[in-house]
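> Quick check, what structure comes out for this input:
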Amino acid sequence: MKLNPQQAPLYGDCVVTVLLAEEDKVEDDVVFYLVFLGSTLRHCTSTRKVSSDTLETIAPGHDCCETVKVQLCASKEGLPVFVVAEEDFHFVQDEAYDAAQFLATSAGNQQALNFTRFLDQSGPPSGDVNSLDKKLVLAFRHLKLPAEWNVLGTDQSLHGENLYDLQTHFKFVIFLFF
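Down below sits the predicted model:
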C-alpha cells in the first residue's frame, strides 16, 4: 500500500489516494477501511473504489502534529476484519492553520486584525487567496477555542456605546472568513 499524499493538514478534509499492492487488488465483495492511529486519537474512514488497485478517502482532522500509523483493513462477509497493510502518515500545521490561530488569538484587537498586512508577511500569491480562504474556514472550525471566545474578543467596554464601530468591525471580520 502507498498513500498519496503522505500528509494532511491538521484540519484534514483532503483526498488521500491508496495505491494497492498487486496482491491486495480490490475484489467486489470486499469493503476496505483506513484506520488512522495517533498517540491520542484514532479515526476510521471508509474508502471509495476508484479502480482494482486504487481507493480514495478523505483525511480526517486530527488533534496534533504527529506521524500516525494508517492501517488498511478489509472486511468480507463471513470473515473477520483483517489488516491488509500499514503505512506512516503525517498530520502537519499549514499556513491556513497558522492564519486561523493568528485570527483567533487576535480577536478584538483592531491592530492585529489588519489581515492584509498579515498576508503580505506570510504571503500567498493572489491566485491562492480563494484556496487559502477555504482552508482557513476549515482550519478555524478545527481550532479548540474556549467556550467564552467570540470573534469580537472579550472587551466588555463595548456595551452598545459605539454600535457603528462594532458593526463595522464585525463586517470586516466576516469578510475575512467568507
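
> Pull out the buried positions in the helix or strand Val137 falls within.
Using DSSP states H and E, Val137 sits within helix 129-142. For helix 129-142, the neighbour count (16 or more other C-beta atoms under 10 Å) marks 132, 135-136, 138-140, 142 as buried. Any C-beta I mention is one placed from the backbone N, CA and C, and that applies to glycine too.

> same check, this time on stretch 91-106
91, 94-97, 99-100, 103-104, 106.

> Confirm for me that Ala104 is in contact with Leu145.
Yes: Ala104 lies in contact with Leu145 (C-beta atoms under 8 Å); the separation is 6.0 Å.

> How many residues are close by the closest residue to Lys25 other than its chain neighbours?
Distances taken as C-beta to C-beta, 6 or more residues apart in numbering place Ser52 nearest to Lys25, at 4.9 Å, with adjacent residues excluded. Neighbours of Ser52 under the rule other C-beta atoms under 10 Å: 10.

> Would you check how far apart Ser52 and Ala147 are?
49 Å (C-beta to C-beta, to the nearest Å).

> so where do the strands sit in this structure?
For the chain, the strands defined by DSSP state E cover 2-4, 7-9, 15-19, 30-37, 42-46, 48-51, 54-58, 66-76, 82-92.

> Each with direction, which strands does the first one pair with?
Spelled out, that is strand 2-4. Strand 2-4 has the following strand partners under DSSP bridges: strand 15-19 (antiparallel).
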